[in-house]
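1. task: produce atomic coordinates for the following.
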Amino acid sequence: MQRFGTRIRRRTSRWALLVAAGCSVACSEAAQRPGGRALVIGIDGMSPVLVERMLREGELPHLAELAERGSWGRLRSLKPILSPRIWTSMATGKLPAEHGIEHFARIDADGTPRLYSSLDRRVPAVWNIASSAGFSVGVVNWLMTHPPERVRGVMISDHAAPGALAGRLGLAAGVLKTPQKKIEGASREAVFTHPAAWAERFTALGTAASPLTKVPNPFAAPPPGKGRLLWERLANIAARDEHVVRAALEIDAELRPDLLLVYVNGVDAVSHFFWPSVALDGPDPPAHRQPAAPLARQRAALYATYRFADALVGVLLRGFGTQDLVLVVSDHGFENARPGDPSSGVHVTEQAIDGIVFAAGPGVPSGGQVRNMSVTDIAPTLLAWLGLAVGSDMSGRVADFLPIETGRIRSWDDLPVEHVGGKESGAEDVIVEQLRALGYLE
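-> Residues are numbered from 1 along each chain as shown. Below is the predicted model of the structure:
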């Protein structure tokens, strides 16, 4: 294991907070870090099975580069395999019963389904802890971050992307019989970013004309016929991923945050429709068997979506060097739908529970394999990298690949979290209908 120098960033506010929270002097002395920044790229639904195949085939050059100079492997997730609870566990180091986000939605006392939001999270996330300790942070599109929180830096919530809301608003007329204009008005009243000035900047980034990567949008040329509408929908989702990455690049160029977290979900969306086309977990269910030509087109589209995600990783990596810690993570894999399931690709059983984790940075073994790492280990690992104490009440631990001694603190749970604007975004009811269509809600 390579040796590297350590550096303590001494900031009065951090040590005052640590002492107030019950951390000893020995704890603060152990809180040391290599000195670089940290980047976390979250790719929803990226399967380790397909990643392994595509790495062997040389299809994912940027992930391959991370695997060569660092380590990678499977990231153990949580059951039930529902993205909001998992991404929140990554951000907090705690299990859903502790952090409070159990599902996409909950049923109110009056029987009305309501989406979970950041207001339901009962514990601070890694960006809150880092901000309170004087570190600058950028958070872009991370699941369950609406309404946004006041951080030392920039937070763009997961309801901010115009493309994300456009599809939901478009369902209003047909599904909810609600005038789209009314919903759009409600969405304009909401606060999507902190600081608020970033809302206009973020919107403007979505109109960029030049492509961000050499890998094109996988759905830029829709096929003729009845599949055209789906292709256009998936093209919008890929464009939204690119929009999110543009925002992260803008934040990185302007602020150079100590901690940058970015989340994209195009891989997950495409996999829900096209996973059986890759035939990685047995024969397709009879209900989903199709002629060879459509299956080949779907398979090519799913591969292209993985290549597109890899290209976005490459763009984000340009701002980070060998002195920085880089993590690329996913929350689960995919499997073929079981008989009676309306989706083509699902993540229900043990077969799909593992996501992926790539790690590179000082001290991370080159060409190594990550073993026995859980989604709850992400936050403790980031805290250790920043030289901050890990909460003794966290379910996760510092990853084995990170050779850093870190202090312990009883808990960070008393740290206040301030939300910016508590209004709903205006898309909640439409999202509930989408979740019903995907089978997540009754």
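
2. what residues sit buried inside the lengthiest helix in the chain?
-> Criterion DSSP state H: the longest helix present in the chain is helix 228-255. Neighbour-count burial for helix 228-255 flags 231, 234-252 (criterion: 16 or more other Cβ atoms under 10 Å). For every residue, glycine as well, the C-beta is placed using N, CA and C.

3. just the pLDDT for residue 253.
-> pLDDT, the model's per-residue confidence, is 98 for residue 253.

4. one more: residue 43?
-> Confidence at residue 43, expressed as pLDDT, is 99.

5. surely residue 380 forms part of a helix?
-> Yes. According to DSSP: H, G, I helix; E, B strand; the rest coil, residue 380 belongs to a helix.

6. circling back to that earlier point, same for the longest helix of the chain, what does it pack against?
-> strand 137-140, strand 153-156, helix 162-170, helix 198-205, strand 259-264, helix 266-274, helix 292-317 (3 or more Cβ pairs under 8 Å, 6 or more residues apart in numbering; DSSP states H and E).

7. just for the stretch 1-150 of the chain, where's the confidence low?
-> For the stretch 1-150 of the chain, the stretches with pLDDT under 70 are 1-34, 113.

8. all helices for it, in order.
-> Counting by DSSP state H, counting those that start in this stretch, the stretch 1-150 of the chain has helices at residues 12-20, 25-30, 48-56, 61-69, 83-92, 96-99, 126-132.

9. contacting residues around the longest one?
-> If you take Cβ atoms under 8 Å, 6 or more residues apart in numbering as the criterion, helix 83-92 is touched by 42, 44-45, 77-78, 95-96, 98-99, 101-104, 116, 121, 123-127, 142-144, 261, 263, 268, 329, 331-332, 375-376, 378-379, 394-396.

10. neighbours of the nearest residue to residue 101 once chain neighbours are set aside, just the number please.
-> Using Cβ to Cβ, 6 or more residues apart in numbering and skipping residues adjacent in sequence, the residue nearest residue 101 is residue 88, 4.2 Å away. Other residues within reach of residue 88, judged by other Cβ atoms under 10 Å, total 27.

11. can you check residue 405 too?
-> Other residues near residue 405 number 11, with proximity taken as other Cβ under 10 Å.

12. got the phi/psi numbers for it?
-> For residue 405, the backbone dihedrals (degrees, to the nearest 10) come out as phi -80, psi 130.

13. need the pLDDT of it.
-> According to the model's per-residue confidence, residue 405 sits at a pLDDT of 81.

14. how far away is it from residue 384?
-> Residue 405 sits 8 Å away from residue 384, going by Cβ to Cβ, to the nearest Å.

15. what touches both of these two?
-> Taking Cβ under 8 Å, 6+ apart as the contact definition, residue 405 and residue 384 share no neighbouring residue.

16. ok so, going back, inside strands: which ones of the contacts of helix 83-92?
-> With strands identified by DSSP state E, the entries of the contacts of helix 83-92 that belong to them are 42, 261, 263, 329.

17. closest to residue 217 out of those residues?
-> Here the nearest of the ones in strands among the contacts of helix 83-92 to residue 217, counting by Cβ to Cβ, is residue 263; it sits at 18.6 Å.

18. can you pull the contacts of the nearest residue to the closest one once chain neighbours are set aside?
-> Using Cβ to Cβ, 6+ apart and skipping residues adjacent in sequence, the residue nearest residue 263 is residue 42, 4.0 Å away. If a contact means Cβ under 8 Å, 6+ apart, then residue 42 has 87, 90, 142-143, 261-264, 329-331 as its contacts.

19. thank you kindly, that will do.
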